[in-house]
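K.L.:
just a sequence and a predicted model for now, questions to come.
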Amino acid sequence: MGGGIAEQPKGISLQEDASRLDYINEAVFRRNTLPTRAYHIPETSISLNGTWDFSLSGTAIEAPEPSSKDITYEPIQVPGHWQLQGHGKPWYTNVQYPIPVCPPYVPTENPTGSYRRDFHVPAGWDANSQLRLRFDGVDSAYHVFVNGTLVGYAQGSRNPSEFDISAFVNREGANELFVRVYQWSDATYIEDQDQWWLSGIFRDVYLISFPATRIDDFFVKPDLDSSYKNGTLTTSVDIFTDKAGVLELTLSELAKNGGAVISSTKTSVDAKSNKIDLKLEVEDPKKWTAETPYLYSAELTLKSEDSKTVLHSVQQRVGFRKVELKDGLMTVNGKRIRLRGVNRHEHHPLLGRSVPIEFAKRDLLIMKKHNINALRCAHQPHDPRILDLCDEYGLWVMAEADLECHGFYDAVARPLDIPESMDYGERKKLAFGKAAQFTSNNPDWKEAYLDRINAVLNRDKNHASVIIWSFGNEAFYGDNHRAMFKYATEADPSRLIHYEGDEQAETTHMYSYMYPTVERLIKYAKEEGVKDGKFEKPIVLCEYGHAMGNGPGWLEDYEQAFRDYPRLQGGFIWEWANHGLWKDDHEGAGYYAYGGDFGDTPNDGTFVMDGLLNSQHEPTPGLVEFKKVIQPVGFSYSDGELKIENRQDFAGLENLTASYKIEQLGQEATLIHSASFDVPEILAGETKSVSLPVDNKKFNKDSEVYLTVTLTLKHSTAWAPAGHEIAWSQHQLQAPQTSAKATSVASNTLSSKLDVSQKTSTVKISGKDFEFTFNRAYGTLKSWISNGKTVLDFDPKTKAAIIPSFWRPKTDNDVPGAVPYWERFGVDQLESQLRSFTVDASSDKVVLKSKTFITPPVLFWGWDCEIEYTVSLNGSLSVNVTRLSPQGSVPDHVPRIGLNLWGSKTLEHVKWLGLGPGESYPDKKTSQRVGIWNVESISDLQVPYDVPQENGNREDTRWVSLRDSKSSSVGLRASRLDGAHFSFLASNHRDTTIQDAKHPPDLFEEDAVFIRLDHKVAGVGSGACGPAVREDLMVKTEETTFGFLLEPL
């Protein structure tokens, strides 16, 4: 078929069913599309990305016809979403649908985008070739016109579609491509994933030329024998030909490994052939795993009958590995594997789901550098090029179908008035069966469901990294899932099946759960599907450790359960990154927006900000914590012997090098010894010892001494340079041998006496170079001046420089349960009533005692609080809470118990002995190590979460000092009176400012430094969608005493 087209060919009708439009017909999801094939883009292709013409209509019926001359177009970038290019608005919901629920129908007001552009067929292409249009992602449904003729229709936003347009194209001149995209379609009901609703052509568009005689599709199936030594490479090939020929299969090393041919085979092809199987026997190939991602190159070549002419060839990288369900466990190459994974949505802060491949590559590199070995493609197929990177870097992949209909739960549950406080299991019993009737258990939707698993399976089937197919997410359970299982296991029996909604694991190869407590998880391990003490299927957490804001907590507990119970094969943190979209406030600042920020209603607010990365895809403390918790090497130390445990499933530790240091920590850090050593040969799962003798005679008895061991990469890998830290451990060699009680380190010259000036409203205590003023009316410290400069001043709101406090700004994980509970008891509104205040002066100190009742408005409960302030001759102040006793109908727990201090704005330099360098909380501190740490600015202690909230706490502090960065003579040092560890926080923002802020630009700095010294701080948990703070890490409302020594610097 050469030259131009002689006459305009006939296309298809605008709708397949005369009674219903395509985009509101669940039986119509593809028209005139080619079968989904394994992803590869040949050299004979051109990208149609770039600037297109665009027009947005309010309804589908108002959309222009192709080649309309009376329409005004605006330029738009493809790939991209129209809402992020000035047309319409982004809309975020988590579960609830943004449209009325009446499937398959959608609102009449259905924004419809009309895209057009011209293209030319390259002159060098074979005139007899098949021409295809390929769309890798269009949201949510679309008709395609070429030169004014309708050539096809497709839906399935994150699935590819190809159209044969050979008959509609002018090969010698300009062609018009016109695409009509509907924002809402019947597909909307099964694409209700927890992300922004964004529309348009958001992935690549190609014009592809395939030879007339061609390889249409191919499925490479590397496998291993029962001893996991020798391999086979079976390849099923779909051929389109009308002539005899030869098909060759060649397996080679990759070019970077020398390119040597390992094996090849060939077979004849007759004119009637359409499917051919080829098989190679491969002796002891290097095996592919996530730890040892060794790849080969497989090339299929279709030749003429005499083998002299290459008609078509394709290449695919392959990895030899065998995935099985064996003895109730998920195994690869015969070994149980552990998934240390994350759920990743596709997101870019400016481009939405239209993610450049280099940006996505950066995501994967960050994963590998943080010890992550598994990726769940949540909750739809990702950009297909990502799987090439997973093959190369080494990640276990759960490839998920583009399917979720969670919103039917709200449609059912709200009329039933099912409260969110009800146990999740009970809610499911009441609503899930009814919700499944809409689509999942509705035979009218069966083919649409099958199309979803067909699309991901056939696109991604050739990737070694893909070991699990997932049927989607939160789509209840019904007969359509059973049909998906039948199709998937017949089409590809080499991989395992996952679907969390199948609670009984009837049609999956594993039990899957979301957000159980650790106790419940262990119960599942012992009981779920267990008969006569045996189990047939493993357990995976498809979502856990909800990483919203300051969190998640509990990670170490989950990791220990995974180690203790082999049946628990790990899971995937929810989720990888916040989905904030950048919004310029046009006042010189901007922020990452969430639900409601664009006027989108209904919405689910900040729930889209729940990642281990912030919206810029930079690591948060949660990711740092996760890296440490899942590190692939374990350590223990005793009596000069360091035990090293290889927690990997396949690889040894030969590419790691070890170093250690012994530090003495007191007022300063002293390096006693450092060295490196060779890591012994330690196979996966083994433990070996290394002798690290320590000479404790060198230790100062008043200091703590720590051994810190670090393992780093010896050689560069595809994902990190040599020297990258993989694992570390810290061991206390000596605790201070003297009394734990605080002893003064103040360098001030002692005053000969203390002057006490008592007035009606104040008490002023003066000594050499210092002055303390107390407020008689409130029984509190009003100010502290040292060397003529203010150290502490009174907070204008509380009228005090130091007050007891029980509140902290909310975290995202506090919001669903803890915050309403605390606010019900008025913990955020406590105020102090003075009952008595006395002053007792002696020759060497002045003791001031206050008795107050700390209580909220309206309610009858509070704390009897007795504080003893002692001013000493050296200018130090001890604040001793000698009695803190709850009275009345008290809450069971509070956010914290401690002191708030209002410090001078100049106190910018902070130094402390304790956990660091980053923030830590009782259930989120594994990643921090004991040391002496410094920051030059208070802002360096803060974590700039996309949604302002509690942040910056430091746990297990021995002492902390804050000083004027320009003058070493102004500042304070704080430690516990009893020598115990404590928590501290220093910020330029008061608690209420953080509490009320919606976005970072709402945070304004005080003309002071806000300091917290805490006796106890609650953990963070993952209660935004998961377990709240562990019971023993809550701050219980009970009789308490504590105290701090504050010294001048």
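P.N.:
Good, I have the coordinates.
K.L.:
how deep is the closest residue to Met484 other than its chain neighbours tucked in, by neighbour count?
P.N.:
Leaving aside its chain neighbours, Met484 sits nearest to Ile453 (4.7 Å; criterion: Cβ to Cβ, 6 or more residues apart in numbering). For every residue, glycine as well, the C-beta is placed using N, CA and C. Around Ile453 there are 27 other residues, counting by other Cβ atoms under 10 Å.
K.L.:
show me what contacts Ile453?
P.N.:
401, 403, 469, 471, 484, 487-488 (Cβ atoms under 8 Å, 6 or more residues apart in numbering).
K.L.:
what's the ChimeraX syntax to select whichever of those residues are buried?
P.N.:
Buried subset of the contacts of Ile453, written as a ChimeraX selection, criterion 16 or more other Cβ atoms under 10 Å:
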select :401,403,469,471,484,488
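K.L.:
so of the contacts of Ile453, which ones are in strands?
P.N.:
Per DSSP state E, strands hold the following members of the contacts of Ile453: Trp469.
K.L.:
in what helix or strand does the residue nearest to Met484 lie?
P.N.:
Element membership for Ile453 (DSSP states H and E) is helix 446-460.
K.L.:
do you have the helices of this protein handy? List them.
P.N.:
357-369, 385-393, 407-416, 424-436, 446-460, 479-491, 518-527, 555-564, 621-629, 818-824, 991-996 (DSSP state H).
K.L.:
ok, of those helices, where does mean pLDDT dip lowest?
P.N.:
The minimum mean pLDDT among the helices of the chain belongs to helix 424-436 (a mean of 91).
K.L.:
output that one as PDB, nothing but the C-alphas.
P.N.:
Provided in PDB are the C-alpha atoms of helix 424-436 (Å, rounded to 0.1, in the frame of the first residue of the first chain):
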ATOM      1  CA  TYR A 424     -13.300  -2.200  60.400                       C
ATOM      2  CA  GLY A 425     -14.200  -5.800  60.300                       C
ATOM      3  CA  GLU A 426     -17.700  -5.100  61.400                       C
ATOM      4  CA  ARG A 427     -18.000  -2.300  58.900                       C
ATOM      5  CA  LYS A 428     -17.000  -4.600  56.100                       C
ATOM      6  CA  LYS A 429     -19.600  -7.200  57.100                       C
ATOM      7  CA  LEU A 430     -22.300  -4.500  56.900                       C
ATOM      8  CA  ALA A 431     -21.300  -2.800  53.700                       C
ATOM      9  CA  PHE A 432     -18.800  -4.700  51.500                       C
ATOM     10  CA  GLY A 433     -21.200  -7.300  50.100                       C
ATOM     11  CA  LYS A 434     -23.600  -4.600  49.000                       C
ATOM     12  CA  ALA A 435     -20.800  -2.500  47.600                       C
ATOM     13  CA  ALA A 436     -19.600  -5.400  45.500                       C
END
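K.L.:
any idea how far Pro820 is from Pro891?
P.N.:
According to Cβ to Cβ, to the nearest Å, Pro820 stands 11 Å off from Pro891.
K.L.:
ok, these two, which is more surrounded?
P.N.:
Pro891 (17 against 11).
K.L.:
could you pull up the residues touching the residue nearest to Gly767 when sequence neighbours are not counted?
P.N.:
Excluding the flanking residues, the one nearest Gly767 by Cβ to Cβ, 6+ apart is Ser751, at 3.4 Å. By Cβ under 8 Å, 6+ apart, Ser751 lies in contact with 767-768, 770, 873-875.
K.L.:
can you add distance to His312 and neighbour count and give the residues you listed back as CSV?
P.N.:
What follows is the contacts of Ser751, written out as CSV (distance: Cβ to Cβ, whole Å; neighbours: other Cβ atoms under 10 Å):
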residue, distance to His312, neighbour count
Gly767, 92, 21
Lys768, 93, 15
Phe770, 88, 24
Leu873, 93, 20
Asn874, 88, 19
Gly875, 87, 29
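K.L.:
among those residues, which has the minimum pLDDT value?
P.N.:
Minimum pLDDT across those is recorded for Lys768, with 91.
K.L.:
so how far is the helix holding Ile453 off the chain centroid?
P.N.:
26 Å (Cα atoms, centre = their mean, to the nearest Å).
K.L.:
go on, stretch 870-888?
P.N.:
Computed by Cα atoms, centre = their mean, the chain-centroid distance of stretch 870-888 equals 43 Å.
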